[in-house]
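1. Task: produce atomic coordinates for the following.
(4 chains)
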Protein chains: 2
Amino acid sequence: MTARVTMRDVARAVGVSPMTVSRALRDDETVNEKTRHKIRQVANDLGYVYDTTAQAFRTQKSGFVAVTLPSINNANFAETFRGLSDGLSASGMQLLLGSTNYSVEKEEELVRQLLTRNPEAIVLTGGHHTDETRALLSARNLPIVEMWDLPADPLGHVVGFSNAEAMATLVAHLAASGRRRLGYVGASDLTDLRGAERRDGALAKAADLGLPEVEILDAGPAPVSMRHGAQAVSALGSRVREFDALVCVSDPVAFGVLSECRRMGLDVPGDIAVTGFGNFEVASVSDPRITTIGVTAREIGEQVALLLEDLFSGTPQDGPRVVDVGARLVLGETS
Amino acid sequence: MTARVTMRDVARAVGVSPMTVSRALRDDETVNEKTRHKIRQVANDLGYVYDTTAQAFRTQKSGFVAVTLPSINNANFAETFRGLSDGLSASGMQLLLGSTNYSVEKEEELVRQLLTRNPEAIVLTGGHHTDETRALLSARNLPIVEMWDLPADPLGHVVGFSNAEAMATLVAHLAASGRRRLGYVGASDLTDLRGAERRDGALAKAADLGLPEVEILDAGPAPVSMRHGAQAVSALGSRVREFDALVCVSDPVAFGVLSECRRMGLDVPGDIAVTGFGNFEVASVSDPRITTIGVTAREIGEQVALLLEDLFSGTPQDGPRVVDVGARLVLGETS
DNA sequence: CCGTAACATGTTATCGGTACCAAACAGGCC
DNA sequence: GGCCTGTTTGGTACCGATAACATGTTACGG
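-> Take a look at the predicted model:
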């Protein structure tokens, strides 16, 4: 194979210095219009491809923003990623994606790996991290954004909402419509910390409102999805009739619960209410539509992008910013 | 902020040369056990973080595999990405992800951008690309994998299945169970080329079997999802009764169609059959379960990873490889 | 005690851009 | 013409790791 074409080659072909080529392919300001045009032309003819790695090395700016998501296979996180990606492409940043599988240990490993690429900022999902992760991150002078939560002790900037509070709204709504015997369907372990917060929010609000104790229905280890919701209900068998509302950690779980309830001949919402979380597409398309919490997944990504753009553009900051994008009750036909 | 810690700093602190530090943090073979241990220790104490950018630059190996997906917000592509990601993490490769939004022009732009990062291989979804993309790629001596399709004129290696053939199987099944008046629900434009192939496969097979002409029900521009399936049916109104089967480009669309049919009081599969494609979770959880085509999304990713590992390990290759992972009919309760 | 092999470590140059500073050049003004 | 200003271009060093080669060190048999 022929050796790679570098700026030097282009420079030689045009009869200028590599420095001029470098300028011509970037700032445009100082280089003479004709020279620049010629350089671009020749670069193209020679099949020159710019080497971002070399640039990143020399300038010590990688052009990367590192992102960790619990799972890529989740419509909401995917939307956030898209919002972030679209928002940042304007400033020429590329995303470096890692998936933590809902594990803070995996997150630590990932952060360690991502940091070796010299990202110019790092975006984490959630506010729970290992001590080691926190140490790694604070040792670098690097903008940090935590999203999808409102952590009590943030590492840097925050774009999110209160999962507990949103869930409390939902429980209040159920109580107001006369539901009293609530079951909560979510992951059995607590690796999904956002899920855990939602659960705590539901339990606390129910206690607050004087409802009977909420029974926890185990849907298996995180991440839980449609099939786990269905399984949790079928495992319950006829005991499901003891409840008049099933509060689910997410819409996919709620959909599984809903489907299984119908298979068992239950009337939703006549016999039992079902609620989800996240306003996934399935919630608004299913028959009946599922009552849920609307989170602005895409907006979270966009807000993070805006925040980072501000940081990159050098706008002076007065301390870490906290953006609460909120979450609202979306009434469906299952409650 | 203090300047970054480099190998030089570690070397000075330990009293060895930077070269020894470099070796100690990598191969382990030649460096004395005690020296290595000391170096690791000191590196850790100093908070040294390896600089992959510098390594990538010096060795001219980026450690990146570039991947383009039509959409990240699609459970199947997300699964493929996971399979690929998990499979490649063993060989220390990191994925550089780009989303084409089902557009070959966006793909070209993306490929151009990704190539500046010197990826060691590139994985594309689908077999349709602009001429410019093909030119860009063949100018580099770079392993190329196309997945999710069996292109007639592949750029390199292939891991996929025939979308048209799979759809033909589905239509044959419908015909065998007595369905004759078929409607096809998919994107109106042809930007989703895999979708277009599925459509062509369905139409061709129907014609082949002597069924009446299949009517195309427009679900809007790609990408189409649940809501578009539902809208297509509601737009049809009572005309939906003219069909005895609705073949959908994907499971999400089929689910939308199914929900809307039920809202309209139709009995599925009594009055009308509904089929999907992709074996998404919603197909197996919904009530009734949706008849679909099972594609091995995760396996595609895993197979690509295996293929690339082989290439990276230097195993001699005899020409580009083609892996047909196949696709099978998954009978549900909607047909 | 020496030669040689096996192991362990050091030296130098380099990957492809670009920051920084210097210099060449053109045009305008007195 | 001489001087100044502004525009355009060039020269040199360097970012942090490592390939390739050279050198030093130890172990051991004869």
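
2. Return the residues of chain A in contact with DNA strand D.
-> A:15-17, A:19-20, A:23, A:30-33, A:35-36, A:57-58, A:60 (Cβ under 7 Å from any atom of the strand). To be clear about C-beta, it is placed using only N, CA and C from the backbone, and glycine gets the same treatment.

3. Next, please give the residue ranges for the helices of the stretch 101-250 of chain A.
-> Using DSSP state H, counting those that start in this stretch, the helices assigned to the stretch 101-250 of chain A run over residues A:104-115, A:131-139, A:163-176, A:193-208, A:226-236.

4. Out of those helices, which one sits most buried?
-> helix A:226-236 (a mean of 23; mean count of other Cβ atoms under 10 Å in any protein chain shown).

5. What is the burial count for the residue in the stretch 101-250 of chain A positioned nearest to DNA strand C?
-> Relative to DNA strand C, the nearest point of the stretch 101-250 of chain A is A:Asn118 (13.4 Å; Cβ to the nearest atom of the strand). Neighbour count of A:Asn118, defined by other Cβ atoms under 10 Å in any protein chain shown: 22.

6. surely it meets B:Tyr50?
-> No: using Cβ atoms under 8 Å, A:Asn118 is not in contact with B:Tyr50; the gap is 10.4 Å.

7. and the strand or helix carrying A:Pro252, anywhere near chain B?
-> A:Pro252 belongs to helix A:251-263 when elements are defined using DSSP states H and E. Yes: under the criterion of Cβ under 8 Å from any Cβ of the partner chain, chain B is reached by helix A:251-263 at A:252, A:255-256, A:259-260, A:262-263.

8. One more: stretch A:9-24?
-> No: shown here: stretch A:9-24 not in contact with chain B (Cβ under 8 Å from any Cβ), separated by at least 14.1 Å.

9. first vs last residue of that stretch, how far apart are they?
-> Distance across stretch A:9-24, first residue to last, is 14 Å (Cα to Cα, to the nearest Å).

10. Now do that stretch: distance to the chain's middle.
-> Stretch A:9-24 has its C-alpha centroid displaced from the chain centroid by 43 Å (Cα atoms, centre = their mean, to the nearest Å).

11. Low-confidence ranges, chain A, go.
-> By pLDDT under 70, the weakly predicted segments of chain A are A:1-3.

12. Recalculate using a threshold of 50.
-> For chain A, applying pLDDT under 50 flags no range at all.

13. Centre-most residue in it?
-> A:Phe77 (3.9 Å; Cα atoms, centre = their mean).

14. residues in contact with it?
-> A:69-71, A:125, A:297 (Cβ atoms under 8 Å, 6 or more residues apart in numbering or on different chains).

15. among those, which are in strands?
-> Within these, residues falling in strands by DSSP state E are A:69, A:125.

16. Out of the contacts of A:Phe77, the closest to A:Ala176 would be?
-> A:Ala297 (26.8 Å; Cβ to Cβ).

17. returning to what we had before: just the residues of helix A:251-263 next to chain B that are near DNA strand C?
-> Among the residues of helix A:251-263 next to chain B, no residue is within reach of DNA strand C (Cβ under 7 Å from any atom of the strand).

18. Now neighbour count too, for those residues, in CSV please.
-> Formatted as CSV, the residues of helix A:251-263 next to chain B follow (neighbours: other Cβ atoms under 10 Å in any protein chain shown):
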residue, neighbour count
A:Pro252, 28
A:Phe255, 30
A:Gly256, 31
A:Ser259, 25
A:Glu260, 24
A:Arg262, 16
A:Arg263, 13
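
19. and which of the residues you listed is nearest DNA strand C?
-> Closest approach to DNA strand C among those (Cβ to the nearest atom of the strand): A:Pro252, at 45.0 Å.

20. Tell me how far that closest one lies from A:Val282.
-> 7 Å (Cβ to Cβ, to the nearest Å).

21. Show me what from chain A comes close to DNA strand C.
-> By Cβ under 7 Å from any atom of the strand, the residues of chain A that approach DNA strand C are A:4, A:6-8, A:18-19, A:22, A:25-26, A:50-51, A:54-55, A:57-59.

22. In helices only, show me those residues.
-> Those of those mapping onto helices are A:7-8, A:18-19, A:22, A:54-55, A:57-59, per DSSP state H.

23. The residue of the stretch 101-250 of chain A closest to DNA strand C and B:Asp218: what is the separation?
-> With Cβ to Cβ as the criterion, A:Asn118 and B:Asp218 are 48 Å apart.

24. picking up where we left off before, enumerate every residue touching the spatially closest residue to the residue of the stretch 101-250 of chain A closest to DNA strand C that is not a sequence neighbour.
-> Nearest residue to A:Asn118, sequence neighbours excluded (Cβ to Cβ, 6 or more residues apart in numbering or on different chains): A:Ser62, at 4.3 Å. A:Ser62 makes contact with A:56, A:117-120, B:53 under the criterion Cβ under 8 Å, 6+ apart.
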